[in-house]
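Colleague: Sequence and predicted structure, then a few things I'm wondering about:
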Amino acid sequence: MAARVVGIIGSPRKGMNSDTLVTRALEGAHSKGATTEKIYLNDLAIKPCQGCDEFPAPAYCFYQDGMEKIYEVLVNADALVIGAPAYFGYFSAQLKLVLDRSNCLAEIITLPEGKTIFRSRLKKKKKGIFIWVANISKNPEPALVSMRIWSKYFANIEWVETLVVTESDRENGARKRRELLQQVFALGASLI
């Protein structure tokens with residue numbers, strides 16, 4: 001059975017840098033026999049987290065909207081390629097909505113020594129690539145900290161690679177850099 005690799009694009013601009021790089025990574029995964037698909041977060045109607053006081057288990061949220069597609073992917077996919085542009089040194093609101101709405105993907109566990117931790121409710125471990133695309137921003141750390149927390153405690157993703165692309169709009173844009181496109185193709189292939 002072929003591995004299922006899903007690209008999640010956090011940019012509102014189709015065909016531009018984030019979209020092109022995710023697409024190229026998916027082509028790399030496909031070259032190794034994976035089935036691939038793309039999700040544009042901007043096309044999904046996702047309500048912001050409402051901070052409910054109750055836990056929605058066995059569901060992942062009380063609200064049923066575009067986030068249901070993301071939950072399905074997080075439960076069933078074998079690997080993810082997530083790409084998003086840097087907005088104010090972080091990432092797009094589209095991707096931030098996904099992280100916020102993943103709050104109930106984890107349960108709070110109290111360890112014997114009294115320490116409280118999050119544990120993902122998702123059983124399937126997935127591989128992943130995160131692509132952070134920036135033009136002026138140079139410090140990806142705020143975005144990467146959030147992605148690390150989300151992937152470890154909520155989404156159950158092990159990052160194979162985090163690709164930081166800066167000066168993305170210089171000259172012809174990141175989507176036209178041949179060496180970058182080759183690199184991201186190889187990263188996608190490494191997921192399989």
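Modeller: Looks like it came in fine.
Colleague: C-alpha only now, for contacts and for neighbours.
Modeller: Fine.
Colleague: residue ranges of the helices in this structure, please?
Modeller: Here the chain has its helices, by DSSP state H, at 17-31, 67-76, 93-100, 141-149, 178-190.
Colleague: which residue packs closest to A143, ignoring adjacent ones?
Modeller: Spatial nearest neighbour of A143, excluding adjacent residues (Cα to Cα, 6 or more residues apart in numbering): Y90 at 4.7 Å.
Colleague: Return the residues in contact with that neighbour.
Modeller: The contact partners of Y90, taken as Cα atoms under 8 Å, 6 or more residues apart in numbering, are 140, 142-143.
Colleague: show me what contacts the most centrally placed residue in the chain?
Modeller: In the chain, the centroid-proximal residue (Cα atoms, centre = their mean) is I82; its distance is 3.6 Å. By Cα under 8 Å, 6+ apart, the residues touching I82 are 7-10, 22, 128-131.
Colleague: how close does it get to V5?
Modeller: Separation of I82 from V5 (Cα to Cα, to the nearest Å): 11 Å.
Colleague: D43 too?
Modeller: From D43 to V5 the distance is 19 Å (Cα to Cα).
Colleague: any chance you could map the strands in the chain?
Modeller: 4-9, 35-40, 79-85, 106-110, 116-120, 126-133, 157-165 (DSSP state E).
Colleague: Columns mean pLDDT and distance to S151 on top of those strands, output as a markdown table?
Modeller: A markdown table is the format used below for the strands of the chain (pLDDT from 0 to 100; distance: least, Cα to Cα, whole Å):
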| stretch | mean pLDDT | distance to S151 |
| --- | --- | --- |
| strand 4-9 | 98 | 14 |
| strand 35-40 | 98 | 18 |
| strand 79-85 | 98 | 11 |
| strand 106-110 | 93 | 11 |
| strand 116-120 | 93 | 9 |
| strand 126-133 | 97 | 9 |
| strand 157-165 | 95 | 5 |
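Colleague: Might you report the residue contacts of the nearest residue to L180 once chain neighbours are set aside?
Modeller: Nearest residue to L180, sequence neighbours excluded (Cα to Cα, 6+ apart): A174, at 7.3 Å. Neighbouring residues of A174 by Cα under 8 Å, 6+ apart: 17, 165, 167-168, 180.
Colleague: Can you give me the pLDDT of I136?
Modeller: On the pLDDT scale, I136 is placed at 86.
Colleague: who's in contact with it?
Modeller: Residues in contact with I136, defined by Cα under 8 Å, 6+ apart, are 166-167.
Colleague: distance of it from E171?
Modeller: From I136 across to E171, the span is 14 Å (Cα to Cα).
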